[in-house]
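Colleague: structure, please.
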Amino acid sequence: MRPTAEAMQILTPRQLDELPSLLHGHTLEALALVALYTGLRRGELLALPWGNVDLDAEVIQVRKSLEETKAGLRFKPPKSKAGTRDITLPAIVTDVLHAHRKRELERRLMLRQGKLGDDDLVFPNWDGSPQWPNMLSSAWSKLSYQIGLGVSFHALRHTHASYLIDHGVDVVTIAHRLGHSSPAITLQIYAHLFRKDDRKAAAAINAAMAG
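Modeller: Here you go, the predicted structure:
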């Protein structure tokens, strides 16, 4: 079910500017900021291993997702071929991940878990196991209200898309970044944002048709 314009939650420019300082020092700081500045889905973030993060090249490789089922947690491939993608990182994400990796190394040293390997998760539980997606959403919801946002975790992904649209990024690039199987899906979800500037809407449709 696609979110309606009324139901879609997007951070305001002021909230976007203040979020890094509001999250500073919290256990969800790195996870939330990476979600905001990459547009990755919750399951993609929780399934991300360090071997798929190249901080020197400033790229994240999305290759799998974590799903919560009645039988427990399972790793699975992305929903579509387009979900398997490489995401270029802005400098703020690279900085956040460098600091996060340092904290993870310190935590593992304290717990005598050894060095970080390529298969170790970027955003695990304290013992290195995968986080449960619904528990993450609950923890974020509580924090979000505490810091005055009151938005869901998925709102970070919507905010990422909104920011790209507002800055004139073409719809094909946005669709790739979000892992949509077609630019038409991106247009369907975010049509109301493109309509704010009719020229952007026309450019987006032209790009989608060309793709």
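
Colleague: let's test this: name the helix or strand in the chain with the lowest mean pLDDT.
Modeller: helix 198-210 (a mean of 62; mean pLDDT, DSSP states H and E).

Colleague: show me this structure divided up by domain.
Modeller: Domain segmentation of the chain under automatic domain parsing yields 13-152, 168-210.

Colleague: show me the contacts for the residue located most distally from the centre of the chain.
Modeller: Distance from the C-alpha centroid of the chain, by Cα atoms, centre = their mean, peaks at Arg112 (29.9 Å). Contacts here follow Cβ atoms under 8 Å, 6 or more residues apart in numbering; on that basis Arg112 touches nothing. Heads up, the C-betas are built off the backbone N, CA and C, glycines and all.

Colleague: next one: phi and psi at Arg177?
Modeller: Main-chain dihedrals, Arg177, degrees, to the nearest 10: phi -60, psi -40.

Colleague: then Leu73?
Modeller: Taking degrees, to the nearest 10 as the convention, Leu73 sits at phi -90, psi 150.

Colleague: so it sits against Gly43, correct?
Modeller: No. Under the criterion of Cβ atoms under 8 Å, Leu73 makes no contact with Gly43, lying 9.9 Å away.

Colleague: neighbour count: the two, which is higher?
Modeller: Between Leu73 and Gly43, counted using other Cβ atoms under 10 Å, the more crowded position is Gly43 (20 against 16).

Colleague: wait, the more buried one touches Thr69, no?
Modeller: No. At 11.5 Å, Gly43 does not count as touching Thr69 under the criterion of Cβ under 8 Å.

Colleague: poorly predicted segments of this protein, please.
Modeller: 1-6, 195-211 (pLDDT under 70).

Colleague: cutoff 80 now
Modeller: Across the chain, the ranges flagged by pLDDT under 80 are 1-7, 79, 194-211.

Colleague: check which helices and strands the longest helix seen in it sits against.
Modeller: For the chain, the helix that runs over the most residues, judged by DSSP state H, is helix 91-110. The helices and strands touching helix 91-110, judged by 3 or more Cβ pairs under 8 Å, 6 or more residues apart in numbering; DSSP states H and E, are helix 29-38.
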